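Undergrad: sharing a model prediction with you, sequence too.
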Amino acid sequence: MARFRICPDSGFYFDRSAESLIKVNAVAAAVSLLFAGIMALGVILTRWQDVHLLPADRFYQALTLHGINALIFWIIFFEIAILYFASSTLLRCRLAAPRWAWLGFVLMVAGAVLNNIAVLRGRSSVMMTSYAPMQAEPSFYLGLIVFAVGALIGCFVFLGTLVIARDEKTYEGSIPLVTFGALTACIIAVFTIASGAIILIPTWLWSIGYINHIDAAMYRLIWWGLGHSSQQINVAAHVSVWYLIAGVLFGARPMSEKVSRTAFLLYILFLQLASAHHILVDPGISSEWKVFNTSYAMYLAVLASMIHGLTVPGSVEVAQRRKGLTKGMFEWLRKAPWGNPVFSGFFLSLVIFGFIGGITGVVMGTEQINLIIHNTIYVPAHFHATVAVGTTLAFMALTYLLIPVLFRRELFLPGIAKLQPYVFSAGMTLMILFMLGAGTLGVSRRHWDMAFTGSLLSFEYPGTAYVMMAVAGIGGVLGVVGGAMYLVVTVGSLLFGRKKDPEAGLLQSFGFPMSSGRYGVARAEPLPMAPRLSVEEHGSAGFEAPGTFVLAMTLLVAFVIYYFVNWDYLSSVWPLR
Amino acid sequence: MSEEQERPEPERIPFMQRVIENPFLLLFLGVVMPTVFYILWGVMEIATIPVAN
């Protein structure tokens, strides 16, 4: 039975079922992002003390909606789309159990809707973490559980597709690195969802009265197995997206498949343990647990990120130099396609993730200096660098790549698309840097009123903290504008973008397959094994990519200086005399 | 020379490559590691806190 179509621009093979499922998951992700972005505006304009837009109850409601839609629904819908793309499309294989995949999607949508309605009703403003003994409506927890079951089905459909691809020999050699990265994301997702089930099912039973007590310490410990690991799915997924974009745009090959795969293996083994940094000041858990899980295990995951941070731009540099861009250290980078939002989104995501998200993550994972910033607004600053810029911008870049290939539409308002990664990353970076500064001055996260108006026990932050929060507010608004530009371009492309295929109608933009005649390939040509690169053969490519080496050393120096500054700051906050 | 002797020996796949190419072994490792070091160890520590009288 014929089931594949070949994209004439990219050569990708799209299985009919997989294509529809990738589209609907991507569309659901965009809807979640829209909702998250609207709520972000409410949050940032309230934390900007001079504006202080929302009353307290609305602020916590908006913060809950923003957190869950941005950190759970947007990214996991998109990641399921990536899993199907990385398995079925990249391996040229039919999707395993498409009916199960549809069931998973329906459950995810139902769960997301249920959860959002619970929060909108106003009695579940417990924020994303929903720490017990704060209690939300039962449908809040039930929504998350149903969503997680749907996502778990998606993970097993991905694993099943890998098995089919191997059995039907749709590829030669090993699975491609991008698929291996997606496998890493899938494995982390399984642990994440299992942790969620362990804690959210009893919490749901508690909310309906079957259990009379949830231990707060136990809740925090296990919930962070869900809350932080869910963000580690992102890391594995967006690193895979980086490799994919580098390969598609530049024909770049990993500098060393072995090294990159080993780095993903380090993620599989150690990345989830970084959840422990949320528990660093919790009583009841020993220093041995805290130190092992953060200062030992987590550094192995950080090492993996540093490897990817070197090999992804390094592979682009090697590919560019092969094309003759060899002048000086950075001609390869200067002459990169900065006007193409796929490239600019990808590269900005990589740089901001590494320089800001990576460095601040290590600071937060160090037990001693974590004390300076624990539970301050420094923490959301860090994860906006990793998730909002690192992951979200990488996913935005991938969307620009996929709209012509998957949806067969040209980009709507390409001028806006060209600017979008710059506006979004500039706004977010401004917000992040000033939130980091305010956090270092002790400004709390999740706090409606930093002036403590009318409180019995008040606290006066320095004037600088207010200025920093105001600048962060300006940056945040700019970031929301950048996010809105992305949605205008993507939704506009699906609705009004010029068709690259006459059959790419409105219904096809939202998941309906094209006519069966378009899927005329019964069995895809097996994916050939890529030829070895000379770089790979001698094992190390340090000087094949000198510009990247300089960038990596710059990161290292920045990290060392920032790390030292934080220790110095700790000694002044808490002097030993 | 017999037919068996003529057949080239299949390429030996290194141990680490065999590990990395087994998605279900990786899934097992990726779930067991954090379950043991993060969840079980942490739960045991909280569970052994003496109850206040």
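TA: Yep, that arrived. Numbering: from 1, shown residues only, chains lettered A, B, ... in the order given.
Undergrad: next, count neighbours for B:Phe28.
TA: Other residues near B:Phe28 come to 12 when the count uses other Cβ atoms under 10 Å in any protein chain shown. Where you see a C-beta, it was placed from the backbone N, CA and C, and this is true even at glycine.
Undergrad: quick one: low-confidence parts of chain B?
TA: Applying pLDDT under 70 to chain B flags the ranges B:1-8.
Undergrad: which neighbouring elements make contact with the host helix or strand of A:Phe105?
TA: Taking DSSP states H and E as the criterion, A:Phe105 maps to helix A:98-120. The helices and strands touching helix A:98-120, judged by 3 or more Cβ pairs under 8 Å, 6 or more residues apart in numbering or on different chains; DSSP states H and E, are helix A:16-47, helix A:56-68, helix A:75-84, helix A:138-167.
Undergrad: switch those helices over to TSV; also include mean neighbour count, distance to chain B and mean pLDDT.
TA: Formatted as TSV, these follow (neighbours: other Cβ atoms under 10 Å in any protein chain shown; distance: least, Cβ to the nearest Cβ, whole Å; pLDDT from 0 to 100):
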stretch	mean neighbour count	distance to chain B	mean pLDDT
helix A:16-47	22	18	97
helix A:56-68	21	22	97
helix A:75-84	29	12	97
helix A:138-167	22	6	97
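Undergrad: so for A:Tyr243, which of these sits nearest?
TA: Among the helices and strands packed on helix A:98-120, the nearest to A:Tyr243 by Cβ to Cβ is helix A:75-84 (11.9 Å).
Undergrad: who's in contact with the closest one?
TA: If you take Cβ atoms under 8 Å, 6 or more residues apart in numbering or on different chains as the criterion, helix A:75-84 is touched by A:18, A:21-23, A:25-26, A:28-29, A:32, A:95, A:101, A:104-105, A:108, A:112, A:147, A:151, A:154-155, A:157-158, A:161, A:182, A:185-186, A:189, A:230, A:233-234, A:237, A:240-241, A:387, A:391-392, A:395, A:398.
Undergrad: which residues in chain B form helices?
TA: B:3-6, B:15-20, B:23-34, B:41-47 (DSSP state H).
Undergrad: of all these, which one is nearest chain A?
TA: helix B:23-34 (3.7 Å; Cβ to the nearest Cβ).
Undergrad: and that closest one with helix A:138-167, angle?
TA: Per axes from the mean of the first three to the mean of the last three Cα atoms, to 10 degrees, the angle that helix B:23-34 makes with helix A:138-167 is 140 degrees.
Undergrad: helices or strands next to helix B:23-34 in the packing?
TA: Helix B:23-34 is packed against helix A:138-167, helix A:177-207, helix A:257-270, helix B:15-20, with contacts defined by 3+ Cβ pairs under 8 Å, 6+ apart.
Undergrad: show the subsequent helix or strand relative to the host helix or strand of A:Thr490.
TA: In this structure, A:Thr490 sits in helix A:463-496 according to DSSP H and E. Downstream of helix A:463-496, the first helix or strand assigned by DSSP H and E is helix A:506-509.
Undergrad: is it true that A:Leu269 touches B:Val32?
TA: No: with contacts counted by Cβ atoms under 8 Å, A:Leu269 stays clear of B:Val32, the gap being 9.6 Å.
Undergrad: where does A:Gly196 land on pLDDT?
TA: At A:Gly196, the pLDDT value in this model is 93.
Undergrad: ok, A:Gly173 next?
TA: For A:Gly173, the pLDDT comes out at 88.
Undergrad: quick one: secondary structure of it?
TA: coil (DSSP: H, G, I helix; E, B strand; the rest coil).
Undergrad: wait, doesn't it sit right on B:Ile13?
TA: No: judged on Cβ under 8 Å, A:Gly173 makes no contact with B:Ile13 at a distance of 10.9 Å.
Undergrad: for the helix holding A:Thr490, packing partners?
TA: Helix A:463-496 sits against helix A:16-47, helix A:392-405, helix A:414-440, helix A:506-509, with contacts defined as 3+ Cβ pairs under 8 Å, 6+ apart.
Undergrad: again, only using 6 Å
TA: helix A:16-47, helix A:392-405, helix A:414-440 (3 or more Cβ pairs under 6 Å, 6 or more residues apart in numbering or on different chains; DSSP states H and E).
Undergrad: so which of these is nearest A:Trp289?
TA: Nearest of those to A:Trp289, taken as Cβ to Cβ: helix A:414-440 at 25.0 Å.
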